[in-house]
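In: coords below, sequence missing:
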């Protein structure tokens, strides 16, 4: 029997793992017809997935790509040396046959039930114990909204009545609404005399505060800024959600949270340097950007320093360059240059999910 994972990771594919364009119908057709070896991964994504697999994380890939692309996607992942536990793709052909055209782009009615039912299977069928979850998506769709709603449902911060209101605002049809409600009821059902996933409407705010204070947040949402969306757009979602520009930053967050060893971040950084023209200056600026935005508390830098002997030679000086950049920033601040305010770490403020559901209704605000 496979040992219990230390954490569960859920990955989007397009623009999070694969460099996919879908501006036009031609782009969609081209993506569908591409051979696996023609598909391109986002720099560093495959390496980070391999590092997560190395520490025993459960890897669930949840994509809006059509099910007809399963073979090509599986072959691309295999070529990248990525092994996963579960691959969920969207039933777009079924949506077409049933004339559900809005469902082709809608993310709420697809991803939320898929996330809830995956967690339900893991708990009740596979016996995966409660553990931290990492959710990775991008800024071209509604990933930040859907992932946050899912996390708050699992943490008990959104109740059943609120969920129904949100789904109604998103014009989710009645069958999918009941599917979501049934999954949440199952997750919250007592198990062996103990409450599961938020219990009997237990105070999820307290639960998430406890895990965040321990340095291992129960839910961490990482959003790849493929569309170069300003990180400030996600300010209401922080501190649980971290927008990131490159996978060195994603690795640093996971090291800072205690989910990955520092040598994993070194290996991601080495791949970015070897294959994608990064250098130590770019890597140091990546750290400083996260630090300025309040997403790092210093553990990652300490871990990088401690693991220097294990680092590939080319990136072994990464912590030195970070320290240099930090000193420059401190000197500039001392000379009167305005410092960017860091947001406090802690429990995320409640989100207006009804407004977000209306905003993203039917995928109408999907960014190309």
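Out: On my side now, so go ahead. Everything numeric here is computed off the predicted structure, so don't read it as measured data.
In: Low-confidence regions, the stretch 1-150 of the chain specifically.
Out: 1, 20-38, 92-105 (pLDDT under 70).
In: Let me see the ranges of the strands in it.
Out: 8-11, 58-66, 86-90, 133-138 (DSSP state E, counting those that start in this stretch).
In: if you compare those, which one is most tucked away?
Out: Among those, strand 133-138 has the highest mean neighbour count (mean count of other Cβ atoms under 10 Å), at a mean of 26. For glycine as for every other residue, the C-beta is placed from the backbone atoms N, C-alpha and C.
In: Give me the contact list for stretch 165-177.
Out: 102, 106, 108-109, 113, 149, 158, 164, 180, 353-355, 357-358, 360-362 (Cβ atoms under 8 Å, 6 or more residues apart in numbering).
In: what separates that stretch from the chain centre, distance-wise?
Out: 24 Å (Cα atoms, centre = their mean, to the nearest Å).
In: taking the contacts of stretch 165-177 one by one, which sit in helices?
Out: 108, 109, 113, 149, 164, 180, 353, 354, 355, 357, 358 (DSSP state H).
In: Just the buried ones from those?
Out: 108, 109, 113, 149, 180, 353, 357, 358 (16 or more other Cβ atoms under 10 Å).
In: contacting residues around the fourth one?
Out: If you count contacts by Cβ under 8 Å, 6+ apart, residue 149 has them with 108, 112, 158, 166, 351, 353, 356.
In: quick one: the strands in the stretch 201-350 of the chain?
Out: 219-224, 241-244.
In: What is the shortest one packed up against?
Out: When you say that, I think you mean strand 241-244. Judged by 3 or more Cβ pairs under 8 Å, 6 or more residues apart in numbering; DSSP states H and E, strand 241-244 is in contact with helix 143-154, strand 219-224, helix 247-256.
In: and if you look at the first one?
Out: Other elements packing on strand 219-224 under the criterion 3+ Cβ pairs under 8 Å, 6+ apart are strand 133-138, helix 143-154, strand 241-244, helix 247-256.
In: before we move on, back to that, spell out which two among the buried ones among the ones in helices among the contacts of stretch 165-177 are the most distant pair, please.
Out: The most widely separated members of these, counting by Cβ to Cβ, are 113 and 358 (19.0 Å).
In: What count of nearby residues applies to the nearest residue to residue 287 once chain neighbours are set aside?
Out: Closest residue to residue 287 apart from its sequence neighbours, by Cβ to Cβ, 6 or more residues apart in numbering: residue 322 at 4.8 Å. For residue 322, the tally of surrounding residues (other Cβ atoms under 10 Å) stands at 23.
In: List the contacts of residue 322.
Out: Residue 322 neighbours (Cβ under 8 Å, 6+ apart): 283, 284, 287, 288, 301, 304.
In: Make TSV from those and add neighbour count, pLDDT and distance to residue 143 to it.
Out: Shown next, in TSV, are the contacts of residue 322 (neighbours: other Cβ atoms under 10 Å; pLDDT from 0 to 100; distance: Cβ to Cβ, whole Å):
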residue	neighbour count	pLDDT	distance to residue 143
283	28	98	25
284	22	97	28
287	24	98	24
288	17	96	25
301	21	97	28
304	24	98	28
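In: Show me the two of the residues you listed that sit farthest apart.
Out: Taking Cβ to Cβ, no two of the contacts of residue 322 sit farther apart than 288 and 304, at 13.4 Å.
In: circling back: is it possible to get TSV of the buried ones among the ones in helices among the contacts of stretch 165-177 that adds distance to residue 131?
Out: Below are those laid out as TSV (distance: Cβ to Cβ, whole Å):
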residue	distance to residue 131
108	25
109	27
113	21
149	20
180	22
353	25
357	28
358	33
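In: mind listing what the residue nearest the centre of the chain touches?
Out: Residue closest to the mean C-alpha point of the chain, counted by Cα atoms, centre = their mean, is residue 136 at 1.8 Å. Contacts for residue 136 (Cβ under 8 Å, 6+ apart) come out as 9, 10, 11, 12, 16, 221, 222, 223, 224, 250.
In: ok, and the closest non-adjacent residue to residue 264?
Out: Residue 264 sits nearest to residue 51 (Cβ to Cβ, 6+ apart), 3.9 Å away.
In: What distance do you get for the one you found to residue 270?
Out: With distances taken as Cβ to Cβ, to the nearest Å, residue 51 is found 12 Å from residue 270.
In: May I see the contacts of residue 322 arranged in TSV, with distance to residue 244 as well?
Out: What follows is the contacts of residue 322, written out as TSV (distance: Cβ to Cβ, whole Å):
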residue	distance to residue 244
283	13
284	15
287	11
288	13
301	17
304	17
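In: Go through the residues you listed and flag which are in helices.
Out: 283, 284, 287, 288, 301, 304.
In: ok, the closest residue to residue 70 other than its chain neighbours - contacts?
Out: Distance criterion Cβ to Cβ, 6+ apart; nearest residue to residue 70, sequence neighbours excluded, is residue 89 at 5.8 Å. Taking Cβ under 8 Å, 6+ apart, we find residue 89 in contact with 63, 64, 65, 66, 67, 69, 70, 73.
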